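K.L.:
Provided below are the primary sequence and the corresponding predicted coordinates.
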Amino acid sequence: LPFSTDEGSPFWREAETTYRTGQVLTDEHRAIARFWTDNPLLSGLPSGHWFLILDQVADQRRLSLGQTLEAMVRLGVALHDAFLSCWTAKYQLNLLRPVTYVNRHLDAGWTTFVNTPQFPEYPSGHSVASRAASTVLADLLGEFAFLDDSHRDRGMAPRAFTSFTHAADEAAQSRLYGGIHFPMGIENGKQHGDRV
């Protein structure tokens, strides 16, 4: 959307949605935001988290070595392309983060639930990468329910998903709950990931 600081403009409403969402987080919203924080030391960012998911799925579905290797290669290529195209867009557009906009134009004291990354907002990297990953895995392995226990070592409960797409959409939505993306960065990021 075109940038605007005018109250009620489409861009202003994007910021207001992120701001208002952060004010009414439930325990479940917080759990989702924490589960998908994916910092480099814990899960290797979204790409590492998706490889952890694939590792668990390979065990849960008893995939053969050949199936597992093919899935890893396809997943790696998809994530590589997703991050290259996403970060190219981020630095071409160089859009400020919601916390900056909200602090300047809605509420100077507001802060995010998840630490705001120090790179441009648009599009959401989790959204692009997760939908690219889910599309490739669903195409190769099909859609089915699975359990993600990637953060067991952090003391977090496993999360159950009905499909790869379900997991990808939760990963994307987690960025709104964390307060670090505008809705358009998430929704357009998911479309971007599907295209990758």
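P.N.:
Happy to help now that I have it.

K.L.:
Name the single longest helix found in this structure.
P.N.:
helix 65-93 (DSSP state H).

K.L.:
who does that helix touch, helix- and strand-wise?
P.N.:
Secondary-structure packing of helix 65-93 (3 or more CB pairs under 8 Å, 6 or more residues apart in numbering; DSSP states H and E): helix 45-60, helix 125-141, helix 183-195. The way it works is simple: take the backbone N, C-alpha and C, and place the C-beta from them, glycine included.

K.L.:
Quick one: mean pLDDT for it?
P.N.:
Helix 65-93 shows a mean pLDDT of 97 in the predicted model.

K.L.:
Give me the angle between it and helix 45-60.
P.N.:
Helix 65-93 runs at 160 degrees relative to helix 45-60, counting by axes from the mean of the first three to the mean of the last three CA atoms, to 10 degrees.

K.L.:
Would you mind identifying the next helix or strand past helix 65-93?
P.N.:
helix 98-105 (DSSP states H and E).

K.L.:
mind listing what the closest residue in space to residue 131 that isn't next to it in sequence touches?
P.N.:
Spatially, and ignoring its direct neighbours in sequence, residue 131 is nearest to residue 193 (2.9 Å; CB to CB, 6 or more residues apart in numbering). With CB atoms under 8 Å, 6 or more residues apart in numbering as the criterion, the residues that contact residue 193 are 82, 127-135, 168.

K.L.:
which residues touch the residue nearest the centre of the chain?
P.N.:
Nearest to the geometric centre of the chain sits residue 126, at 2.6 Å (CA atoms, centre = their mean). The neighbours of residue 126, taking CB under 8 Å, 6+ apart as the test, are 36, 38, 46, 171-172, 174-175, 189.

K.L.:
again, but for residue 35
P.N.:
151, 156, 159, 174.

K.L.:
what's the residue nearest to the third one when sequence neighbours are not counted in contact with, if anything?
P.N.:
Spatial nearest neighbour of residue 159, excluding adjacent residues (CB to CB, 6+ apart): residue 148 at 5.1 Å. For residue 148, the contact set (CB under 8 Å, 6+ apart) comprises 52-53, 56, 158-161, 167.

K.L.:
How far does the helix or strand of the chain with the lowest mean pLDDT sit from its chain's centre?
P.N.:
The helix or strand with the lowest mean pLDDT-type score in the chain, counting by mean pLDDT, DSSP states H and E, is helix 45-60 (a mean of 91). The chain centre lies 15 Å from the centre of helix 45-60; the measure is CA atoms, centre = their mean, to the nearest Å.

K.L.:
Quickly note the distance from the closest residue to residue 182 other than its chain neighbours to residue 169.
P.N.:
For residue 182, ignoring the flanking residues on the chain, the nearest one in space by CB to CB, 6+ apart is residue 14 at 4.2 Å. Remark: distance between residue 14 and residue 169 (CB to CB, to the nearest Å) = 19 Å.

K.L.:
now residue 178
P.N.:
Per CB to CB, residue 178 is found 15 Å from residue 169.

K.L.:
the more surrounded of those two?
P.N.:
Between residue 178 and residue 169, residue 178 has the larger neighbour count (other CB atoms under 10 Å), namely 27 against 18.
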